[in-house]
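# Pasted the sequence and its predicted model underneath.
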Number of protein chains: 2
Amino acid sequence: MDSSELKRAGLKATLPRLKILEFLENSDVRHMSAEDVYKALLESGEDVGLATVYRVLTQFEAAGLVVRHHFEGGQSVFELEQGKHHDHILCVKCGKVDEFMDETIEERQKKIAKEKGYAMTDHSLYIYGVCGECQKEE
Amino acid sequence: MDSSELKRAGLKATLPRLKILEFLENSDVRHMSAEDVYKALLESGEDVGLATVYRVLTQFEAAGLVVRHHFEGGQSVFELEQGKHHDHILCVKCGKVDEFMDETIEERQKKIAKEKGYAMTDHSLYIYGVCGECQKEE
DNA sequence: AATAAGAATGCGAACTCTTCTCATTTACGT
DNA sequence: ACGTAAATGAGAAGAGTTCGCATTCTTATT
Ligand SMILES: [Mn+2]
Ligand SMILES: [Mn+2]
Ligand SMILES: [Zn+2]
Ligand SMILES: [Zn+2]
């Protein structure tokens, strides 16, 4: 277990934090809800509380280790910070998530904020649609 | 009270529905939560239940009379349908909401969806920032 | 290695927003 | 005016998340 990342983030290297970070790093699914993380840890025999998962993910977010998204559906979705900003395109049928980054859109947003007199701090863009796989199934 | 809009939408012209529609049409605020609508009606002496406000707004959405948004903060926000699609820019200090439409962004989104193999159905774009007014206050 | 002090955890309660249930009321074609 | 189906209001319930607090861990210090 590598506690250096946590230490660097100013967080004590507790077992729940280590387990959650390790899970996020080794999972092949990039975007997960708190519940997803909680259930996965339970299934692998770890004894964590759901409240702790929420707390830890929020702390990770504050520390810049993870990013939180608000996909449609009500629950927060988290992913490991990758350094490079990106937006998401989601399949409304199967829930598949793809990522993209479009410099033109990014620029336009800045321009719009300026025109409207806003000091832009953030933005969120989600494209919804039916993915290739799901289009095949009639 | 003009019940024709409701009839046209295939909805019975009930008192709560008329009151809610009338309020949405006459309010100077365009974007409102169910709670906002509920409180406003109570204050003007109307006797509606919160559950009814939620139900009616959802029906209005299905009928295309209003559009629902998911601004940060957890609650749904509704606005009268204006015919023309637009996106939103919000002040993180005072909650001010401005609207915009950028043809270039719209086009780029379609292009991205196509590239990724998605049949695009919808999208949501929110820009967050500090509005002109709020920038003055240090 | 044992200790002490504060931080973190797990549990359930609580909270917010929204939907559901169901007895009662209302709309509207006849 | 009546009858029937649809809509309403009130409160319970549900989903997602946070809170409170007694207990357990971490980590710095002996
Ligand atoms: Mn992502
Ligand atoms: Mn709008
Ligand atoms: Zn799909
Ligand atoms: Zn402002």
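Sure thing, it's come through. Ligands and ions are numbered 1, 2, ... in the order given.

# Is ligand 1 within reach of the helix or strand hosting A:P16?
Here A:P16 sits within helix A:15-26, counting by DSSP states H and E. No: contact of helix A:15-26 with ligand 1 (CB under 5 Å from the ion) is absent, the minimum separation being 12.3 Å. C-beta: built from backbone N, CA, C; applies to glycine.

# Buried ones in that helix, by neighbour count?
By neighbour count on 16 or more other CB atoms under 10 Å in any protein chain shown, the buried set for helix A:15-26 is A:P16, A:R17, A:L18, A:K19, A:I20, A:L21, A:F23, A:L24.

# Can you give the contact residues for the helix or strand following it?
Heading C-terminal from helix A:15-26, the first helix or strand you meet, by DSSP H and E, is strand A:32-33. By CB atoms under 8 Å, 6 or more residues apart in numbering or on different chains, the surrounding residues in contact with strand A:32-33 are A:L24, A:A40, A:Q75, A:S76, A:V77, A:F78, A:E79.

# hmm, strand A:32-33 touching DNA strand D?
Yes: residues of strand A:32-33 contacting DNA strand D under CB under 7 Å from any atom of the strand: A:S33.

# Tell me which strands that strand pairs with, and in which orientation.
If you go by DSSP bridges, strand A:32-33 pairs up with strand A:77-80 (antiparallel).

# Give me the mean pLDDT for the partner strand.
Mean pLDDT, strand A:77-80: 98.

# Need the contact partners of that strand.
Strand A:77-80 is contacted from outside by A:24-25, A:30-34, A:37, A:57, A:60-61, A:65-71, using CB under 8 Å, 6+ apart.

# Pull out whichever of these are also neighbours of ligand 3.
Among the contacts of strand A:77-80, none lies close to ligand 3 by the criterion of CB under 5 Å from the ion.

# Just the buried residues out of those residues, in PyMOL syntax.
Here is the PyMOL command that picks out the buried ones among these, judged by 16+ other CB under 10 Å:
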select buried, chain A and resi 24+31+32+33+34+37+57+60+65+66+67+69+70+71
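
# Return only those of the contacts of strand A:77-80 found close to DNA strand C.
Counting by CB under 7 Å from any atom of the strand, nothing from the contacts of strand A:77-80 sits close to DNA strand C.

# Understood, closing this out.
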